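1. with the sequence up front, the predicted model follows.
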Amino acid sequence: MASRLVRIGVLGAGPIAQAAHLDAIRKAHNAELYALCDAAADLLERVAAIHQPTMCFTSFDELLADPLVDAVVIATADAFHVPLAQRALAAGKHVLIEKPLGMTIEECDALHHWLGDRRLVVQIGHNRRFDPGFTAAQHFVRHELGAVLAMKAWYHDSAFRYVMTDNLQPPIITSDHRIQPSLAPKGDRPRYLLRTHGSHLIDTARFLAGDIVRVQAQRRISGGSHCWFIAVTFAEGAPGHLELIVPVQGDFEEGFQIFGEHGSVTGRLPLVWHHRSSHVECFRAADRTYQRVLGEDSHTWRRQIEGFAATINGSAAQHGATLGDGIATLRVLIAVAESAARGGCAVDPAEMSGGLERIAESD
Ligand SMILES: NC(=O)c1ccc[n+]([C@@H]2O[C@H](COP(=O)([O-])OP(=O)(O)OC[C@H]3O[C@@H](n4cnc5c(N)ncnc54)[C@H](O)[C@@H]3O)[C@@H](O)[C@H]2O)c1
């Protein structure tokens with residue numbers, strides 16, 4: 001397997017497939033865009049004309065029945081992720097599931113339990129992990145920082161972001177025939193914002209500083225902006241402060257600071273669609289020097305596919321988020337919602353059940 005390209009089928013020809021996955025797979029050195037599937041035949045035809053997969057399907061079952069498909073990227077609405085991933089895994093395909101993993105802890109735990117020790121790769125699409133700056137920061141934290149004293153991370157989506165993304169992404173093709181959940185994801189705004197943007201913030205915190213075992217969150221809605229300020233405790237005892245604001249009247253900002261026994265790390269990620277590395281500086285107290293990676297190759301989507309394919313063909317250990325990471329992130333998001341709904345009291349993510357339905361419509 002290591003000597004040949006991993007043949008990938010993409011399920012969903014919607015915006016994220018068009019803006020990220022199809023281009024990423026075509027550019028990946030160890031993967032091939034073998035198939036594309038979308039129930040909307042008009043969308044499928046127009047997107048396939050650009051990206052030229054070998055095979056096109058309007059039926060997911062037909063894609064799964066093709067023995068040449070090694071792996072599937074699930075690029076559909078969140079509510080469909082877990083059931084579609086399970087169908088792909090049952091057909092013996094490896095899966096990369098767009099983030100967030102799913103809607104409820106029960107469906108995600110059931111998938112985990114069902115997967116058991118089946119030897120299939122499951123990766124969650126937390127693409128920031130494939131930013132060279134994030135990788136360098138994690139390496140420094142693990143090998144040089146010593147005990148973590150404290151961590152901050154923030155994700156401020158900009159009110160002006162869509163002007164930037166429209167400039168950076170290809171024109172997105174749409175269809176009236178695409179399949180959507182009965183409750184349109186973006187119509188359910190506070191839950192959508194926490195799930196879609198919060199999952200990046202929480203995965204960043206976990207990737208760099210480890211498991212989160214305690215959450216206290218405050219939420220405020222003002223002038224159309226949603227804000228969550230979150231106090232967390234990491235498993236090793238370090239306190240953290242995480243903030244999610246969507247949107248801010250200012251620039252897009254995603255970043256982190258970590259303070260430790262032997263140094264500190266600061267990182268700022270530009271809007272990810274620029275494909276520019278985060279600006280990460282690692283300070284080592286022993287020789288009073290800062291290190292910064294150039295990170296000239298920062299197409300996180302392509303690197304994510306290459307990491308997925310390398311895990312499948314056995315040439316590298318899994319660097320991307322695992323099924324366990326996806327579940328842990330969802331647990332923290334639900335703990336954030338639970339704590340905010342209960343006036344900021346301390347909540348243990350391990351004790352959560354259900355989904356984000358506990359978010360009130362207003363403060
Ligand atoms: N990683 C990131 O930064 C990032 C950014 C944007 C979106 N996303 C995630 O990507 C996912 C998809 O987003 P989107 O905006 O492209 O979604 P979308 O719902 O607009 O498009 C999904 C497409 O999948 C098709 N589809 C759904 N179920 C199908 C089925 N059973 N059979 C055949 N076709 C099916 C639909 O017809 C639709 O065209 C979401 O989970 C979202 O959170 C991630």
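-> Thanks, I have the structure now.
2. quick check: closest non-adjacent residue to the residue of the stretch 201-350 of the chain found nearest the ligand.
-> Of all residues in the stretch 201-350 of the chain, the one sitting closest to the ligand is V272 (6.5 Å; Cβ to the nearest ligand atom). (Each C-beta comes from the backbone N, C-alpha and C, glycine too.) Distance criterion Cβ to Cβ, 6 or more residues apart in numbering; nearest residue to V272, sequence neighbours excluded, is T300 at 6.1 Å.
3. and the residue of the stretch 201-350 of the chain closest to the ligand, how many neighbours?
-> Neighbours of V272 under the rule other Cβ atoms under 10 Å: 21.
4. where exactly do the strands run in the stretch 151-300 of the chain?
-> Listed in chain order, the strands of the stretch 151-300 of the chain (DSSP state E, counting those that start in this stretch) span 212-222, 225-234, 239-248, 253-260, 263-269, 279-284, 289-291.
5. and the residue nearest to V272, what does it touch?
-> By Cβ atoms under 8 Å, 6 or more residues apart in numbering, the contact set of T300 is 127-128, 130-131, 272, 275.
6. mind checking pLDDT for it?
-> On the pLDDT scale, T300 is placed at 98.
7. tell me how far it lies from A209.
-> 20 Å (Cβ to Cβ, to the nearest Å).
8. and D166, by the same measure?
-> Separation of D166 from A209 (Cβ to Cβ): 34 Å.
9. I'd say A137 and E281 touch.
-> No: counting by Cβ atoms under 8 Å, A137 stays clear of E281, with 9.2 Å between them.
10. so which of the two has more stuff around it?
-> A137 (25 against 17).
11. and this protein, which of its residues are near the ligand?
-> Along the chain, the residues adjacent to the ligand under the rule Cβ under 6 Å from any ligand atom are 12-17, 37-40, 43, 60, 75-78, 80, 84, 98-99, 125, 127, 178-180, 196.
12. for V248, give me its contacts.
-> Taking Cβ under 8 Å, 6+ apart as the test, what V248 contacts is 156-159, 225.
13. whoops, I mixed them up, G146
-> G146 makes contact with 260-263 under the criterion Cβ under 8 Å, 6+ apart.
14. try 10 Å this time
-> Residues counted as contacts of G146 (Cβ atoms under 10 Å, 6 or more residues apart in numbering) are 260-263, 285.
15. got the residue ranges for the helices in this structure?
-> Secondary structure of the chain (DSSP state H): helices at 15-16, 22-27, 41-51, 60-65, 81-90, 105-115, 132-143, 161-168, 189-196, 198-209, 300-312, 323-341.
16. output those in JSON lines; the columns should cover distance to L33.
-> Output for these, formatted as JSON lines (distance: least, Cβ to Cβ, whole Å):
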{"stretch": "helix 15-16", "distance to L33": "15"}
{"stretch": "helix 22-27", "distance to L33": "4"}
{"stretch": "helix 41-51", "distance to L33": "6"}
{"stretch": "helix 60-65", "distance to L33": "13"}
{"stretch": "helix 81-90", "distance to L33": "16"}
{"stretch": "helix 105-115", "distance to L33": "26"}
{"stretch": "helix 132-143", "distance to L33": "24"}
{"stretch": "helix 161-168", "distance to L33": "21"}
{"stretch": "helix 189-196", "distance to L33": "25"}
{"stretch": "helix 198-209", "distance to L33": "25"}
{"stretch": "helix 300-312", "distance to L33": "10"}
{"stretch": "helix 323-341", "distance to L33": "24"}
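17. buried residues in stretch 159-172, which are they?
-> By 16 or more other Cβ atoms under 10 Å, the buried positions in stretch 159-172 come out as 159, 161, 164-165, 169.
18. quick one: common contacting residues for A137 and E281?
-> Common neighbours of A137 and E281, using Cβ under 10 Å, 6+ apart, are 265-267, 293.
19. ok, so of these, who is nearest A31?
-> A31 lies nearest to V293 out of those, by Cβ to Cβ, at 24.5 Å.
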